[in-house]
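Colleague: give me coordinates for this.
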Amino acid sequence: MGSGSGRKYSEGYLTVYLALTMGVLISFVLTFVNIARLSAVRLKADTAVDASGNGVLSEYNRELLKRYDLLFIETGYGTANHSEANTEERFRNYMRENYDLTFRDHLQGTMDFTGMTLESVTFSECAYAADNNCEVFKRQVADYMDGTLDGAVTVKLTENLNIMDSHKIRDTDVESKWKENQKYLNGVKPYEKVGEDGEVQKVYLKNPASTAFSKLGKPVLALAPPKFGISGKAADTSLCISHNGSRHIGAGLSPEERKESPECSRLLFIQYMLKKLGSYGENKDGSAMDYELEYVLNGLDSDEENLEAVCSVLFGWRFASNWLYIQQDEGKKSAAEAVALAVSIVTLCPELEEPLTQAILFAWSFMESVQDMKTLLAGGRVPIIKDSETWQTSVKSIAGNLTGAKSSNRGLKYRDYLGIMLLINDYDKSVMRTMDVMEMNIRLTPGNEHFRMDWCLDSFKALVNSISFAGRSIGITRRFGYY
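Modeller: You can find the predicted model right below:
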């Protein structure tokens, strides 16, 4: 009786012990399960946000990358409705796809352990190409050029500009000097002499430089017609970013991005332009305008206008350089003096020998410059500073007669002179007009008719709020971008 009662009490203790132990064990198990579920919730949210951000970044504009090696999201996505709300919506779609069960899962009755639902997606600190004086655009250019920078090109560009400035080529206004000389000679009164018949005859000064002077001020492209012809392309540049006073502006680079970004110096950007943009003699296929570098320098609406503007500056440089050189060449000065002496003897005005000599030197330098332009526009080379070997014309050229283009083995080509012009051009204008060129060209491609550089997104911060089936709220902030 007693032993049986003891077994019952012992079994009762065991039942209570097991019940208490199992309760504790189940609590531990459920706690660990909940911790695992919460970790899974967080992991799934993190993974979904990262995948969605990368999905959005993968929708960069293909044509912009293909042609200019730049990575931007064009937030219009082929439409005229440009807005970062479009990109936000794409981010939401990616999030929903990452959270939702597949159709196959539903058929198999699969349950989601996390049960995640997207609550909201909000973008902030969006960085667009034109922000803060185009710092975002320039940073991408610097990133691209960081591995392709040619130091030799940089050194040569700087050296060429230094050579010009050391000889004061850009500061010498030869045209004004020639006009003063011509004004003086035009004011010379005719010499009166008595002829054999006893009548008084007037002898007028015959200025040998008059023919060349009559060409001064004419379009350079008329004086030196380009060998490769002149492009007839034109574009409505008022639709481009540099003319858009109400262009979209975002937040620009974050402090961290700005600190870590390589500097986009003027020289680096010039190399990028020389690599990616076309010009006279080196056109790029599929371009709205053939003379893109000339457009960057002048911003005019047609190729012909931009080429004439560039050639006008270049002709001025050549005129100054040739005139400065010929003043030091004793042989050429002697040839000019001989012609001037003959004219002054005929007019019986020996005091005109010096101004006539200078007029001839002006005319000779002018015609040599016309010859230089013919050479450059035919793809040849012309030195910045000439010598007796690279001088192309004789004193007879002042009559207005020139032969075909001649090229030296030394000197710069047309595009090399463009590099010097880009080096002294306003840097901000060069950057904006480069973006103009990109807009015009990308708009020619299928599906990009409404392309705008000011709506090209580089980076953004996403605040994503999600909630699990148990009511657990998860907020994640991430910054995404091409950096």
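Colleague: the strands in this structure, which residues?
Modeller: All strands of the chain, identified by DSSP state E, fall at 73-74, 117-128, 191-194, 200-203, 456-467, 473-481.
Colleague: what are the pairing partners of the first one, and which direction each?
Modeller: Each strand that strand 73-74 pairs with, and the sense of that pairing, follows from DSSP bridges: strand 456-467 (antiparallel).
Colleague: low-confidence stretches in the stretch 351-483 of the chain?
Modeller: For the stretch 351-483 of the chain, the stretches with pLDDT under 70 are 403-407.
Colleague: confirm for me that I385 is in contact with W323.
Modeller: No - counting by CB atoms under 8 Å, I385 stays clear of W323, with 11.8 Å between them. C-beta: built from backbone N, CA, C; applies to glycine.
Colleague: neighbour count winner among these two?
Modeller: In terms of neighbours (other CB atoms under 10 Å), W323 is the more surrounded of I385 and W323; the figures are 23 against 15.
Colleague: show me what contacts the more buried one?
Modeller: T172, V174, L361, F362, S365 (CB atoms under 8 Å, 6 or more residues apart in numbering).
Colleague: how does the chain divide into domains?
Modeller: 2-132+459-481, 149-442 (automatic domain parsing).
Colleague: closest one to D143 among those domains?
Modeller: For D143, the closest of the domains of the chain is domain 149-442, at 6.7 Å, according to CB to CB.
Colleague: tell me which of the domains of the chain sits most buried.
Modeller: Highest mean neighbour count among the domains of the chain (mean count of other CB atoms under 10 Å): domain 149-442, with a mean of 17.
Colleague: dump the residue contacts of the spatially most central residue of the chain.
Modeller: The centre of the chain sits closest to T434, judged by CA atoms, centre = their mean, with a distance of 3.4 Å. Shown in contact with T434 (CB under 8 Å, 6+ apart): F269, M273, L277, V296.
Colleague: which residue comes closest to A130 once chain neighbours are left out?
Modeller: Closest residue to A130 apart from its sequence neighbours, by CB to CB, 6 or more residues apart in numbering: D454 at 4.4 Å.
Colleague: next, count neighbours for that neighbour.
Modeller: By other CB under 10 Å, neighbour count at D454 equals 21.
Colleague: next one: it from L376, what distance?
Modeller: The gap separating D454 from L376 is 36 Å, by CB to CB, to the nearest Å.
Colleague: for L402, same thing?
Modeller: For L402, the distance to L376 - CB to CB - is 14 Å.
Colleague: figure out which of the strands of the chain is closest to I420.
Modeller: The nearest among the strands of the chain, by CB to CB, is strand 456-467 at 30.4 Å.
Colleague: can you dump the C-alpha coordinates of the closest one into CSV?
Modeller: Below are the C-alpha coordinates for strand 456-467, written out as CSV (Å, rounded to 0.1, in the frame of the first residue of the first chain):
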residue,chain,number,x,y,z
CYS,A,456,20.1,63.1,-65.2
LEU,A,457,20.3,61.6,-61.8
ASP,A,458,23.7,60.5,-60.4
SER,A,459,22.9,59.6,-56.8
PHE,A,460,20.1,59.7,-54.2
LYS,A,461,19.3,58.8,-50.6
ALA,A,462,16.3,56.4,-50.2
LEU,A,463,14.3,56.2,-46.9
VAL,A,464,12.4,52.9,-47.1
ASN,A,465,9.8,51.9,-44.5
SER,A,466,8.5,48.3,-44.3
ILE,A,467,6.3,46.3,-42.0
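Colleague: how far does it sit from the chain's center?
Modeller: With CA atoms, centre = their mean, to the nearest Å as the basis, strand 456-467 stands 29 Å off its chain's centre.
Colleague: that one vs strand 117-128, what angle?
Modeller: Using axes from the mean of the first three to the mean of the last three CA atoms, to 10 degrees, the inter-axis angle of strand 456-467 relative to strand 117-128 is 160 degrees.
Colleague: okay then, goodbye and thanks.
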